[in-house]
Structure formats: C-alpha cells, structure tokens
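Asker: The amino acid sequence is not available; the structure is as follows:
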C-alpha cells in the first residue's frame with residue numbers, strides 16, 4: 001500500500017526554503033510550492049493517483065501570493081476519492097475557501113510539529129487496523 005505525505009507551501013519568494021517535516025512510518029514524501037514547475041506538479045499528481053492514503057500538509061506564509069501549482073494539485077485532490085488527511089497551517093483567503101471542498105477528509109488547522117506527527121501517525125495507523 002502506497003502512503004503519500006504531500007508538503008505544500010505557499011511562499012512569497014521563489015527561493016524560499018521550507019525544511020521538510022520529519023515523518024515517521026514508511027511513507028513516500030513529496031514537497032512542492034506555488035512556484036514548482038509543471039514537471040514537479042505532474043509528478044506529484046501521478047503520486048496522488050497511485051497512493052491509497054494521502055496526508056496533505058499545507059503551509060502559507062504569504063496570504064497574498066498566487067497559489068500557482070499548489071492550486072492545480074489541490075483541484076486534483078478534491079476530485080480524488082482516496083482517504084485524505086489535510087493539515088493547514090497559516091492563512092490564505094483562497095485556501096480558506098477551498099478547505100470546505102474536502103468534506104470527506106479529516107481537516108486540522110494550525111497544528112505544531114508534534115501534533116502534525118501525531119495526527120499523521122493516527123491517520124496512517126487506521127489503515128493497519130482495517131487490514
């Protein structure tokens with residue numbers, strides 16, 4: 001079973017660096033931001049299509065920035081029927097509205113790193129209990 005941890009960042013500066021959040025368990029990790037090119041975005045979309053469970057960790061440090069490639073990926077995630085956990089830290093007017101489209105997903109706001117790890121582990125452990 002493929003489990004995917006997507007780390008999506010909305011940043012103001014194309015050269016901003018966001019350190020990856022260390023994730024426990026054996027899951028595939030993918031990191032992109034609103035400036036990621038089509039190759040990176042399309043590869044992430046392929047990963048979503050192959051995953052059985054997806055954790056989406058979104059950070060926004062720039063509420064006025066365009067969503068760019070993150071919007072394309074979020075539109076795919078809205079239509080995707082896989083189990084999803086969304087964790088959204090920060091603020092962005094368009095993202096705030098889009099979260100309502102994830103009705104069948106667990107959604108959490110403004111968690112610290114420890115809470116992110118806990119929620120991610122709990123979400124992935126549900127899988128083991130159901131197999």
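Answerer: Perfect, thanks for sending it. Model, not experiment: these values are computed from the prediction.
Asker: Please make it C-alpha for all contacts and neighbour counts, starting now.
Answerer: Fine.
Asker: Now tell me what touches stretch 31-38 from outside.
Answerer: 6-11, 14, 20, 40-41, 66-71 (C-alpha atoms under 8 Å, 6 or more residues apart in numbering).
Asker: Any idea how far that stretch is from the middle of the chain?
Answerer: Centre-to-centre, stretch 31-38 and its host chain are 12 Å apart (C-alpha atoms, centre = their mean, to the nearest Å).
Asker: Could you list the buried residues of that stretch?
Answerer: 31, 32, 33, 34, 35 (16 or more other C-alpha atoms under 10 Å).
Asker: And the first one, how far from residue 108?
Answerer: Between residue 31 and residue 108 the distance, using C-alpha to C-alpha, to the nearest Å, works out to 19 Å.
Asker: And residue 60, how far from residue 103?
Answerer: Residue 60 is 21 Å from residue 103, by C-alpha to C-alpha.
Asker: From the neighbour counts alone, determine which of those two ranks first.
Answerer: Here residue 60 and residue 103 are compared on neighbour count by other C-alpha atoms under 10 Å; more neighbours surround residue 60, at 21 against 9.
Asker: Where does the residue most central in space within the chain sit: helix, strand or coil?
Answerer: In the chain, the C-alpha nearest the mean C-alpha coordinate belongs to residue 56, at 2.1 Å (C-alpha atoms, centre = their mean). Assigned by DSSP: H, G, I helix; E, B strand; the rest coil, the conformation of residue 56 is strand.
Asker: What's opposite it in the beta bridge?
Answerer: Under the criterion DSSP bridges, residue 56 forms beta bridges with residue 6, residue 86.
Asker: which residues sit in contact with it?
Answerer: By C-alpha under 8 Å, 6+ apart, the contact set of residue 56 is 5, 6, 7, 8, 84, 85, 86, 87.
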